[in-house]
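J.: okay, structure incoming, though there's no sequence with it:
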């Protein structure tokens, strides 16, 4: 609908203030109709002129009336305030010069006019806005809504929908998620349906338009699977922000987001109430390398909540480092320092450790992209192996309490150079532990993290936005997935519970078929596979495996006190022989790819270069 012309709103406002001025005299003379009409009539043109000048300055007529808000009200008050001020100036002039009687406004008239003119203009806009939305609602087809969840958030949402004046919402019921122990039959007279009772046919029969997701998501992939029936039935899914982000403690429809994987991942709750981690980090100096990367920044954002004495954030990428710094400062944190540095600069990194004497080092800096390192192995080996070794040695020399190495499932039976370098780093940590009496070297090993830089989620989303095709390397390829916050939390738990020489393996749940993930993302985007967007199989990339593993064939695991943390039982390792082979690798000609592969295979016997 087009907005009313500005000149029309301008004229209506002038009419309203004229009416307000007439009412002003009526109020001033105690609602007696026998007041000096001639004087009032002579003053009206002056009031209209002064108001027109004020409106020309503040432009209250420029706002879209049906969207009137606090800013529009402020401008109306300022406009009328200026008019009243000009009336006072006219009064002072008239009384000082004993002339221009029509400019001589009684002070009470000026004050009452200001109030009535503001009230009339604001009330007119509110009346129009209410009437507009009332007509709009009457013309609207009601949205048939289901609310996913039965907690307090869901009930507050229901009350918001029931009392909403702008849109027609018909809440058909609440969906009780799997595992919810509260077995209510009805909430405020509205039916509660168990998730298991929901089918595609039932949703179509009910003609459901919208599903609103209110619950926190502890497992995004499982939640995505639960929501699949709604996606298949063509039900639009919206996510709501956490209650603490509701504007002025009230929900705004503008805050609703269409569900996609990133929105689902952002609903993973992060809690900072782990007393063990707090006891470990409170008041201590902590260094995070690769601190501006996906895992590194997640570690930083969690560590800083545990009140470290100083948090050192080291990264070579200046823009992400600066972005992280400004974000932390905006949240009120000051107990941190960003360091722009390359961990290949051993002398500089050693000086950092000698200066700050960190108690804990979380080493997340690494080259992680398999195809890139497969084509350009030089920096992969330099950073992931030798820069990491030098950092471990400097940590031991400076008396660091714990050094936590971030590893990957690609280090298990590696078929690519990146995985081989990360496996070497795991073995280096074990051998460093043999030599170190003060520093404990701990390894954490886990699979892919959803939503990280270079994640398949970002790639698929971009491809879907571009109309496809979505590229998947192989129909049967699977990967383990975990959210970034959960992975970072488990790294901290491993640091708290771990002792030197241990490899902690994370429980990643069931592996996810990438093809299935691609299909779900296409459906979430409101598209159909293969009618709207096709999936193209492009073949495994160099160094890529169909299936990832979390343990080598020689490794077994034992439980820890945390349900998602396991300790790998390690096979024997000859560290003297390992260090000798590492020396040969360091002295080798890294431009000789064949020789490089042979040396890597000698150090890591289970390494088998992929023939993709």
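T.: Ah, there it is. Everything numeric here is computed off the predicted structure, so don't read it as measured data.

J.: which secondary element of this protein has the worst mean pLDDT?
T.: One helix or strand of the chain scores below all others by mean pLDDT, DSSP states H and E: helix 261-265, with a mean of 57.

J.: give me the buried positions along the next helix-or-strand element following it.
T.: Sequence order places helix 275-281 as the next helix or strand after helix 261-265, per DSSP states H and E. Buried residues in helix 275-281, counted by 16 or more other Cβ atoms under 10 Å: 277, 280-281. The way it works is simple: take the backbone N, C-alpha and C, and place the C-beta from them, glycine included.

J.: OK, contacts around residue 197?
T.: With Cβ atoms under 8 Å, 6 or more residues apart in numbering as the criterion, no residue contacts residue 197.

J.: in the top helix by length along the chain, what counts as buried?
T.: As assigned by DSSP state H, the longest helix anywhere in the chain is helix 107-139. Buried residues in helix 107-139, counting neighbours by 16+ other Cβ under 10 Å, are found at 109-114, 116-118, 120-122, 124-125, 129, 133.

J.: so which elements touch the host helix or strand of residue 428?
T.: Assignment of secondary structure by DSSP H and E places residue 428 within helix 417-435. Under the contact definition 3 or more Cβ pairs under 8 Å, 6 or more residues apart in numbering; DSSP states H and E, helix 417-435 sits against helix 370-375, helix 377-381, helix 388-397, strand 402-408, strand 440-446, helix 575-587, helix 593-603.

J.: again, only using 6 Å
T.: If you count contacts as 3 or more Cβ pairs under 6 Å, 6 or more residues apart in numbering; DSSP states H and E, helix 417-435 packs onto helix 370-375, helix 377-381, helix 388-397, strand 402-408, strand 440-446, helix 575-587.

J.: can you tell me what sits against that helix?
T.: With contacts defined as Cβ atoms under 6 Å, 6 or more residues apart in numbering, helix 417-435 is touched by 370, 373-374, 377, 380-381, 384-385, 388-389, 392, 405, 407-408, 410-411, 414, 441, 443, 500-501, 573, 575, 578, 600, 604, 607.

J.: measure the spatially most distant residue from the centre of the chain to residue 104 for me?
T.: Residue farthest from the centre of the chain, counting by Cα atoms, centre = their mean, is residue 98 at 67.9 Å. The gap separating residue 98 from residue 104 is 10 Å, by Cβ to Cβ, to the nearest Å.

J.: need the overlap of contacts for those two.
T.: Common neighbours of residue 98 and residue 104, using Cβ under 6 Å, 6+ apart, do not exist here.

J.: hang on, the earlier thing: which one, of the helices and strands packed on helix 417-435, ends up nearest to residue 341?
T.: With Cβ to Cβ as the criterion, residue 341 lies closest to helix 388-397 of these, at 11.1 Å.

J.: so which bits of that closest one are buried?
T.: Buried residues in helix 388-397, counted by 16+ other Cβ under 10 Å: 388-396.

J.: one more: stretch 425-443?
T.: Buried residues in stretch 425-443 (16+ other Cβ under 10 Å): 425-433, 436, 439-443.

J.: then stretch 280-299?
T.: So, applying 16+ other Cβ under 10 Å, buried residues of stretch 280-299: 280-281, 284-299.

J.: over to stretch 462-473?
T.: Going by neighbour count (16+ other Cβ under 10 Å), the buried part of stretch 462-473 is 463-464, 468-470, 472-473.

J.: next one: that stretch to chain centre, how far?
T.: 23 Å (Cα atoms, centre = their mean, to the nearest Å).

J.: stretch 400-417 now?
T.: On Cα atoms, centre = their mean, the centre of stretch 400-417 falls 27 Å from that of its chain.

J.: one step back: which of the buried residues of stretch 462-473 fall within helices?
T.: 463-464.

J.: sort out for me which of the buried residues of stretch 462-473 are in strands.
T.: Residues of these located in strands (DSSP state E): 470, 472.

J.: for the buried residues of stretch 462-473, which one is nearest residue 162?
T.: Looking across those and measuring by Cβ to Cβ, the closest to residue 162 is residue 464, at 35.1 Å.

J.: wait, a strand at residue 184?
T.: No: looking at residue 184 with DSSP: H, G, I helix; E, B strand; the rest coil, it is coil, so not inside a strand.

J.: contacts only, for it.
T.: Listed by Cβ under 6 Å, 6+ apart, the contact set of residue 184 reads residue 192.

J.: and for the one 3 residues further on?
T.: Applying Cβ under 6 Å, 6+ apart, one finds that residue 187 lies in contact with residue 174.

J.: can you pull out the helices in the stretch 151-300 of the chain?
T.: 152-163, 200-206, 220-226, 228-232, 261-265, 275-281, 294-303 (DSSP state H, counting those that start in this stretch).

J.: quick one: contacts for residue 105?
T.: Contact analysis of residue 105 by Cβ under 6 Å, 6+ apart lists 87, 91.

J.: check it and give its pLDDT.
T.: Residue 105 carries a pLDDT value of 85.

J.: closest one to residue 544 out of the buried residues of helix 275-281, please.
T.: Nearest to residue 544 among these is residue 277, at 35.0 Å by Cβ to Cβ.
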